[in-house]
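K.L.:
I'd like to go over a predicted model; first the sequence, then the structure.
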Amino acid sequence: MSQAQLTGRPLPAAPAGGGGSRVACFDWLRLFAMSGVILMHAASGLLRGARNAGWHGANLLVSLAFTAVPLFFMISGSLLLSSPRTADLKHLWRRRIPRLVLPLLLWSAVTLLLLWRWESLAFGEVLKGFLAIPQTPAYTHLWYLYTLIALYALSPLLYHMVQGMDRAAERYLLGGIAAILGLGMLRMLVPGAAQVWLHLDLFTALRFLDGNLFPFLLGFFLFRREKRFDDRKLIVLALLCLGVITVGTWLRTRQFGEYAPAFQQQNGGWEICLAALLFLLAKQNLRRPPRLGLLRELVRLSMPIYLVHPLVIKGLWRLGLYPRRFLQLLPVCLLILAISWLISKTLASVPGLCRVSAGIPWAEARTSCSWQASFRRLREKLRRE
């Protein structure tokens, strides 16, 4: 599995002082990013195959999909750093952190047990994996929860930092982030021999949390910015970024003779820049939440869908149900999403299990995303008709 994965953990309904239209756009961004991460993994085999027309199509879609992780960090930073409850340490450690830690422990155990069965691992290896959970993800996709927990733990300090900034300090911080990301973007474009001159140890050391702190902070500053940017300029810049990522990936792959996703790194400057442009476009234009009930459910269940979808992929791959051609990619992605949704919804329908598997309290699940809630809505609809 690639490390460019995400979880769409449900966030507070609205930040302090935030408008409903802005939060509505985050639901659309979650849906986009959740779909993107499934596409990334479903297309992994195509990108490691022959470079034909299908390869280029998959490369283009995956280059766009790799914005998933920075987008979710931006959403989290936007809402966490805007909410006064973030400064409440009791709320943090009693409510927010457990909603991440409990699913991490459960899905780490489930993953290890499935790998034990599927890959015939020795019991000693499985036991070693259990003991290593505090230090090492049981499966690659779980890395995101470790980073998210770290950001949540830091969020009270970050909240006081950003809320207390004056304009000069804010410009200094954003300028530093732009310089670090920009230098990395430039280094990707210059010939290999010249890259050494653009490698500054100071900038490398400032990439806190492997660079994932940057989109977390950028999300907050972009979220609260009132000035509207020209949509046409944002679209042109987004297309330029996407073009550089797509063409750069192709050239690197042709150079090395195998798939080389350096331009597609989720913590790299090009993908973060593209994600920021998409974030602004969504914030400015998507002002109504999804109306379709299924889409609202997918948003609410995005965290368990993220956690379960790599296991669904592994199971389908074992059955030979993987895309062999580009035209098969979308149907396979829809199948993965559908199975992941069914599993997640079923888990969210069991009192007690919904909290440890999906990070959702039963009081919320039974009225929003459980089978019980769906049946209740269906009965009400039939009664009205």
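P.N.:
The structure has been received and is ready for your questions.
K.L.:
ok, R300 - how many residues close by?
P.N.:
For R300, the number of neighbouring residues by other C-beta atoms under 10 Å comes to 25. Where you see a C-beta, it was placed from the backbone N, CA and C, and this is true even at glycine.
K.L.:
Over to the one 5 residues further on?
P.N.:
A count of nearby residues for I305, using other C-beta under 10 Å, gives 27.
K.L.:
what do you get for W55?
P.N.:
Burial measure for W55: 19 neighbouring residues, criterion other C-beta under 10 Å.
K.L.:
Ok, P137 next?
P.N.:
The burial metric for P137, expressed as a neighbour count using other C-beta under 10 Å, is 19.
K.L.:
what does the helix or strand encompassing E297 contact?
P.N.:
Taking DSSP states H and E as the criterion, E297 maps to helix 293-300. Applying C-beta atoms under 8 Å, 6 or more residues apart in numbering, the contact partners of helix 293-300 are 8, 10, 27, 30-31, 34, 289-290, 305, 337, 341, 345, 360, 368-369, 374, 377.
K.L.:
can you check stretch 207-225 too?
P.N.:
15, 18, 22, 69-71, 73-82, 147, 150-151, 158, 162, 170, 173-174, 177, 180-181, 267-268, 272, 275-276, 279-280, 283.
K.L.:
Among those residues, which ones are in helices?
P.N.:
Using DSSP state H, the members of those that fall in helices are 22, 69-71, 73-80, 147, 150-151, 158, 162, 170, 173-174, 177, 180-181, 272, 275-276, 279-280, 283.
K.L.:
I figured A68 hits N267, correct?
P.N.:
No: if you go by C-beta atoms under 8 Å, A68 and N267 don't touch, sitting 12.0 Å apart.
K.L.:
Pick out whichever of those two has more residues nearby.
P.N.:
Applying other C-beta under 10 Å to A68 and N267 shows that A68 carries more neighbours, namely 29 against 22.
K.L.:
From Q266, how far out is that one?
P.N.:
With distances defined as C-beta to C-beta, to the nearest Å, the gap from A68 to Q266 amounts to 7 Å.
K.L.:
swap in L239?
P.N.:
When C-beta to C-beta is the yardstick, L239 and Q266 sit 20 Å from each other.
K.L.:
Kindly report the same for L319.
P.N.:
Where Q266 is concerned, L319 sits at a distance of 29 Å (C-beta to C-beta).
K.L.:
which of those two has more neighbours?
P.N.:
Neighbours per residue, other C-beta under 10 Å: of L319 and Q266, the larger number sits with Q266, 29 against 7.
K.L.:
which residues of this structure score low on pLDDT?
P.N.:
When the per-residue scores of the chain are filtered using pLDDT under 70, the ranges that remain are 1-22.
K.L.:
and the helix holding E297, C-alpha only, in PDB?
P.N.:
Backbone C-alpha positions of helix 293-300 (Å, rounded to 0.1, in the frame of the first residue of the first chain) are rendered in PDB as follows:
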ATOM      1  CA  GLY A 293     -28.900  10.500   1.900                       C
ATOM      2  CA  LEU A 294     -26.400   8.000   0.700                       C
ATOM      3  CA  LEU A 295     -23.800  10.700   0.100                       C
ATOM      4  CA  ARG A 296     -24.400  12.100   3.700                       C
ATOM      5  CA  GLU A 297     -23.900   8.600   5.000                       C
ATOM      6  CA  LEU A 298     -20.600   8.200   3.100                       C
ATOM      7  CA  VAL A 299     -19.400  11.400   4.700                       C
ATOM      8  CA  ARG A 300     -20.300  10.200   8.100                       C
END
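K.L.:
where's L183, which helix or strand?
P.N.:
Taking DSSP H and E as the definition, one finds L183 inside helix 167-189.
K.L.:
Check A365 too.
P.N.:
Using DSSP H and E, A365 sits within helix 362-368.
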